[in-house]
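Chemist: how would this look folded up:
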Amino acid sequence: MTLSPLPIVRLKPKTDARKLRHGSPWVFANEVVTDRRTKAIAPGSLAVLEDAERAALGVVAVNPDSKIFCRMLDRDPGAQVDQAWFAARIGRALALRERLYGTPFYRLIHAEADGLPGVVIDRFGDVAVVQPNAAWAEAQLGPMVEALVAVTGVSTVIKNASGRARALEGLDEGQEVLRGVAPQGPLPVEMNGAVYMADLVGGQKTGLFLDQRENHAFAGRLAGGARVLDVFSHVGGFGLACLAAGAEHALAVDGSDPALALAGEGAAAMGVSDRFETRRGDAFEVLEALAGAGAQFDVVICDPPAFAPSKQALDAGLRAYEKLARMAAPLVAEGGFLGLCSCSHAADLGRFRTASIRGIGRAGRQGQLIHTGQAGPDHPLLPQLAESGYLKALFFRL
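Modeler: Numbers count the residues shown, from 1 in each chain. Okay, here's the model as predicted:
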């Protein structure tokens, strides 16, 4: 028996506890004994998880309203989840990022991979944007933010409460400045020589997609003197990185006027406005129009939103990735390069690669796969959780 002030949640007799002992962070609702007592535990509460023989496995966060019934927080069943506990986790994450990057612009906390399940924290200098995407993180937001400020010294903390993950946890949406004062206007963020304008209050997610930093750098190696097409560009992603690396011209395509306006501001800050062009529209329609006009580019990169955000959407998502490759490939000049990206965790690398190759082939092109990329090291992968390795980037020479 476990002696603890916390409630007990127990695995069903046929649930294999070895995966948890080996580092798996999730326990699903069909793996635990869900009697009246456990179902009455308030979402976001902490509990001690036991195996079927009543041996303690650790402290977990519980949400009876979620398919993920328990999230492992600490394998010490006596752990105290308080400000000091958060400070230790955040301090360990900070030490890695400070070793990796010379400037404080990075993902500081990458959820389970950094020991804070469901929590995302991106840092933009003196501003941190927190996404508490699990019920326990919402409940523990006070001590978490206190620890964040104490460890990093940031002066402003913004809560960004939006997205599918929060809905699955039964949480509402909203945004709130928890500490300090929100920035007035977008913040310039320099990566790989490019300048990106991050809207931390009104932009998508936390304001900037930091995970593509390494893939932007690889694209830049292909871009010297090149004509570049950046599809689903957001605030200029690959296009501005290629211009920073010496591209002749870049066309950024996105469906969002505000995102393209920020991309234009970034180009102006870099002094490359004369080599940068934007076009708002549906990506597939723009690709069709460019092909009809006989346009050709030396580098074409497509970085769409998740076409397969869940297993249920996998088949449709893979068809969309194939279609995107089929429509983009004809726009690549002979000997040029095609970059295809996926942020769908449900579509693993093998399936995504197969869909991409099939699309290239259906376009009548043949490609050499020259590089396979993933998220940068500030987005570490937890080997026991495939979902943490969501980002894939394939670069082909056609």
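Chemist: Name the SS class of F352, please.
Modeler: What DSSP: H, G, I helix; E, B strand; the rest coil gives for F352 is helix.
Chemist: show me the contacts for the residue lying closest to it once chain neighbours are set aside.
Modeler: The shortest distance from F352 to any non-neighbouring residue, by CB to CB, 6 or more residues apart in numbering, is to S342 (4.7 Å). For every residue, glycine as well, the C-beta is placed using N, CA and C. Counting by CB atoms under 8 Å, 6 or more residues apart in numbering, S342 touches 304, 306-308, 321, 352, 391-392.
Chemist: Now render these as a markdown table, adding neighbour count, pLDDT and secondary structure.
Modeler: Shown next, in a markdown table, are these (neighbours: other CB atoms under 10 Å; pLDDT from 0 to 100; DSSP: H, G, I helix; E, B strand; the rest coil):
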| residue | neighbour count | pLDDT | secondary structure |
| --- | --- | --- | --- |
| P304 | 18 | 96 | coil |
| A306 | 16 | 93 | coil |
| F307 | 23 | 94 | coil |
| A308 | 25 | 90 | coil |
| Y321 | 27 | 98 | helix |
| F352 | 25 | 97 | helix |
| L391 | 23 | 96 | coil |
| K392 | 25 | 97 | strand |
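Chemist: The helix or strand that contains A325 packs against which elements?
Modeler: Using DSSP states H and E, A325 falls within helix 314-328. For helix 314-328, the elements it packs on are helix 283-292, strand 297-302, strand 332-342, helix 349-362, judged by 3 or more CB pairs under 8 Å, 6 or more residues apart in numbering; DSSP states H and E.
Chemist: Can you list the buried residues in the longest one?
Modeler: Within helix 349-362, the residues that qualify as buried by neighbour count (16 or more other CB atoms under 10 Å) are 351-353, 355-360.
Chemist: okay, the residues you listed in TSV with distance to L251 next?
Modeler: Putting these into TSV (distance: CB to CB, whole Å) gives the following:
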residue	distance to L251
R351	29
F352	25
R353	26
A355	25
S356	21
I357	25
R358	26
G359	21
I360	21
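Chemist: Pick out whichever of those sits closest to T152.
Modeler: F352 (34.7 Å; CB to CB).
Chemist: Report the contact partners of that closest one.
Modeler: 318, 321, 342, 344, 392, 394.
Chemist: follow-up on the earlier one: nearest to K12 among the helices and strands packed on helix 314-328 would be which one?
Modeler: helix 349-362 (31.3 Å).
Chemist: Now do the closest one against strand 297-302, angle only.
Modeler: 140 degrees (axes from the mean of the first three to the mean of the last three CA atoms, to 10 degrees).
Chemist: Assign G266 to helix, strand or coil.
Modeler: Going by three-state DSSP: G266 is helix.
Chemist: ok, it - contacts?
Modeler: Contacts of G266 (CB under 8 Å, 6+ apart): 188, 194-197, 235-236, 240.
Chemist: any idea how far it lies from V32?
Modeler: Using CB to CB, to the nearest Å, one obtains 48 Å as the distance from G266 to V32.
Chemist: now swap in R358 and tell me
Modeler: From R358 to V32 the distance is 41 Å (CB to CB).
Chemist: Would you check how far apart the residue lying closest to Y390 once chain neighbours are set aside and A165 are?
Modeler: In this structure, Y390 finds its nearest non-sequential neighbour in H345, 3.9 Å apart by CB to CB, 6+ apart. Here the criterion is CB to CB. By it, H345 lies 11 Å from A165.
Chemist: One more: F232?
Modeler: From F232 to A165 the distance is 21 Å (CB to CB).
Chemist: Look at those two and report which has more neighbours.
Modeler: F232 (20 against 16; other CB atoms under 10 Å).
Chemist: thinking the more buried one is in contact with S256, fair?
Modeler: No - the criterion here is CB atoms under 8 Å, and F232 misses it with S256 at 9.8 Å.
Chemist: Mind listing the shared neighbours of the two?
Modeler: Joint contacts of F232 and S256 (CB under 8 Å, 6+ apart) do not exist.
Chemist: quick one: pLDDT of the nearest residue to D114 once chain neighbours are set aside?
Modeler: Spatially, and ignoring its direct neighbours in sequence, D114 is nearest to A93 (4.6 Å; CB to CB, 6+ apart). Per-residue pLDDT puts A93 at 98.
Chemist: isn't there a helix covering A93?
Modeler: Yes - A93: assigned to a helix according to three-state DSSP.
Chemist: quick one: the helix or strand harbouring R37 to chain centroid distance?
Modeler: Using DSSP H and E, R37 maps to helix 36-39. Offset of helix 36-39 from its chain centre (CA atoms, centre = their mean, to the nearest Å): 34 Å.
Chemist: Could you do stretch 94-110 as well?
Modeler: Between the centre of stretch 94-110 and the centre of its chain there are 15 Å (CA atoms, centre = their mean).
Chemist: for stretch 52-59, same thing?
Modeler: That offset, for stretch 52-59, works out to 32 Å (CA atoms, centre = their mean).
Chemist: go on, stretch 353-372?
Modeler: With CA atoms, centre = their mean, you get 25 Å for stretch 353-372.
Chemist: How about stretch 298-308?
Modeler: Worked out by CA atoms, centre = their mean, stretch 298-308 lies 15 Å from the chain centre.
Chemist: cool, and stretch 236-250?
Modeler: That offset, for stretch 236-250, works out to 22 Å (CA atoms, centre = their mean).
Chemist: Residues touching it, excluding its own?
Modeler: 191-196, 209, 212, 215-217, 219-230, 233, 251-252, 262-263, 266-267, 270, 272, 275-277, 299, 301, 303, 339.
Chemist: Can you select the buried ones among those for me in PyMOL?
Modeler: Burial among these is assessed by 16+ other CB under 10 Å; the matching PyMOL selection reads:
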select buried, resi 191+192+194+195+196+209+212+215+216+217+219+220+222+223+226+227+228+229+230+233+251+252+262+263+266+267+270+272+275+276+299+301+303+339
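Chemist: Among the contacts of stretch 236-250, which ones are in strands?
Modeler: The strands, defined by DSSP state E, take in 191, 194-196, 227-230, 251-252, 276-277, 299, 301, 339 from the contacts of stretch 236-250.
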